[in-house]
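Engineer: Starting from these lines, generate the structure:
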Amino acid sequence: MSNLHEEEALGKAYDSRLMRRLLKYLKPYSWRVVLALALVAVVTPLELAPPAIFQKAIDGYFVPAMNHAVPEGNAWMGVIWLSLLFLAVLSFDFLAQYVQIRIMQRVGQQTMYDMRREIFGHMQRLPMSYFDRNPVGRLVTRVTTDVDALNDLFAAGVVTMINDFFLLAVMAGLLFKVNAHLALDALAVLPGILVVTLIFRKYVRDANRRIRTAIARINAFLQEYISGMSVVQLFNREAKAKDEFATRNHDNMLAWRDAILAYALFYPAVEFMSFATIALIFWDGGNRILHGALTIGVLIEFTMYAQRFFRPIQDLSEKFNILQSAMAASERIFKLLDEPVTIQSDPNAVPLVQPRGEIEFRNVWFSYRNVPEPADEDWVLRDVSFRVEPGQTFAIVGHTGAGKTTLISLLLRFYDIQRGQILLDGKDIRTIQLQDLRRQFGIVLQDPFLFTGTIETNVRLGTQHIENATVERALEEVG
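Structural biologist: Below you'll find the predicted structure:
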């Protein structure tokens, strides 16, 4: 069984090779993504319009009306029109962001659906040796938690990051356009924000790594102990299992606590520095107003732009962690998808027609260690040969671990042998279509396994050509 170190690996924040593979999942929905990206050009001007409207209202109507430079009625009419414009901007901004978020959330859910279907389909074709090495809980994590991390990237990460970068660039230009002197005041706190962001990113990165590791360990532990609950109770292991689960659960809680603490410190720190910057802008701008070098409307406009300038910085810090988690999750998912399907039908396989049921093991050697030359102690079967004639009843008896189940697994090609041949009606089973081969066998397990569904679907087990009368007869036979 492999270890859990790959859960802890974070990798690079951006990997072009992984991103190219991820973007293939967006290809069926490319027109939706293009529309969401196009809306960035609509959302950004709408986000930047309110400060300019406030500046126009203050310098164009409020201050002139107070100084009796314009008639009060004209001032009120101008303010009313600006208020209607402001309401229209807010409405269109809401509508554009609603459409943008709705599109990307839909794309995120569609890509999650496609990816989960592909992962599960691939897992069903993997050889049994892969499941011997990987706990089921970890594979569940691949299909659930890791895919969820990619949903965060597709639904809220990519478009929002592009939007934030675009907004930052436009905002920086606007700050200098409105007032270059105040722009330098606003950017003075930027180094401090960058330092805080780097520290925050480091701690959140570590906390996210520990969270993923803890969740993978919890999933693996739950799968093993719930599936083996009868053994746990038989040997009175409840207290020990409870303590082991408590340890894993406590690690998960501590990791989440550290992540929450990092967020609880980061956002107030950035808020404090942004408000300190606003205070500096008001102090410097107020002095310039008193000396007639600045108007009140421009100061208010600049302050509103400055407040909006810090918001994308906060968002990008969080999106960076989403991007990094998504890169790590995609690396683990693609590692699973790249796992080769070593047991499959030969391209030149022939269909099995009217089988007689003659089975022969001819000088079969087999080891569960999938290496070219297993060590001497690793061989489970050594030069095993026997023959079962059609219609013959054949019993294999032996102690636990002697290889009884192994013989059945090899006959059904759950594993491939290293040496020798297994023949069905004189044909090597590796030259027979896998589904044709396995369709000829009926397995009665020592521990029954029921799939979700009706009794009838469990009797059929996906074999549609079984008639209802046959199913009913089988049920009558077992009572």
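
Engineer: who's in contact with residue 302?
Structural biologist: The contact partners of residue 302, by CB atoms under 8 Å, 6 or more residues apart in numbering, come to 51, 175, 178-179, 182-183, 186, 281, 285. Backbone N, C-alpha and C define where each C-beta goes, glycine included.

Engineer: Now name the helix or strand holding it.
Structural biologist: helix 296-337 (DSSP states H and E).

Engineer: swap in residue 89?
Structural biologist: helix 72-125.

Engineer: buried stuff in the helix or strand just after that helix?
Structural biologist: With elements assigned by DSSP H and E, the helix or strand that comes after helix 72-125 is helix 128-133. Residues of helix 128-133 classed as buried by neighbour count (16 or more other CB atoms under 10 Å): 129-130.

Engineer: shift numbering so it begins at 49
Structural biologist: Got it, first residue is 49 now, which makes that one helix 176-181.

Engineer: low-scoring stretches of the stretch 349-498 of the chain, by residue?
Structural biologist: 493-497 (pLDDT under 70).

Engineer: coming back round to it: tell me how confident the model is about the helix holding residue 137, as a mean pLDDT.
Structural biologist: Regarding helix 120-173, the rounded mean pLDDT is 91.

Engineer: Just checking the distance from it to the centre of its chain.
Structural biologist: Helix 120-173 has its C-alpha centroid displaced from the chain centroid by 22 Å (CA atoms, centre = their mean, to the nearest Å).

Engineer: Packing partners of it?
Structural biologist: Where contact means 3 or more CB pairs under 8 Å, 6 or more residues apart in numbering; DSSP states H and E, helix 120-173 is packed against helix 78-86, helix 88-105, helix 111-114, helix 195-200, helix 206-226, helix 344-385.

Engineer: again, only this time at 6 Å
Structural biologist: Judged by 3 or more CB pairs under 6 Å, 6 or more residues apart in numbering; DSSP states H and E, helix 120-173 is in contact with helix 78-86, helix 88-105, helix 195-200.

Engineer: can you list the domain ranges for the protein.
Structural biologist: Following the TED database, one finds the domains of the chain at 64-386, 407-526.

Engineer: Make CSV from these and add distance to residue 399 to it.
Structural biologist: Formatted as CSV, those follow (distance: least, CB to CB, whole Å):
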stretch, distance to residue 399
domain 64-386, 20
domain 407-526, 6
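
Engineer: Can you say which of those domains is packed in most?
Structural biologist: Using mean count of other CB atoms under 10 Å, the stretch among those with the largest mean neighbour count is domain 64-386, at a mean of 16.

Engineer: one step back: and of the domains of the chain, who's closest to residue 394?
Structural biologist: Of all the domains of the chain, domain 407-526 sits nearest to residue 394, with 5.7 Å by CB to CB.

Engineer: From the chain's centroid, how far away is that closest one?
Structural biologist: Per CA atoms, centre = their mean, the displacement of domain 407-526 from the mean C-alpha position of its chain is 37 Å.

Engineer: neighbours around residue 391, how many?
Structural biologist: For residue 391, the neighbour count with other CB atoms under 10 Å is 16.

Engineer: on that earlier part again, angle of the helix holding residue 137 against helix 78-86?
Structural biologist: Put simply, helix 120-173 runs at 150 degrees to helix 78-86, going by axes from the mean of the first three to the mean of the last three CA atoms, to 10 degrees.
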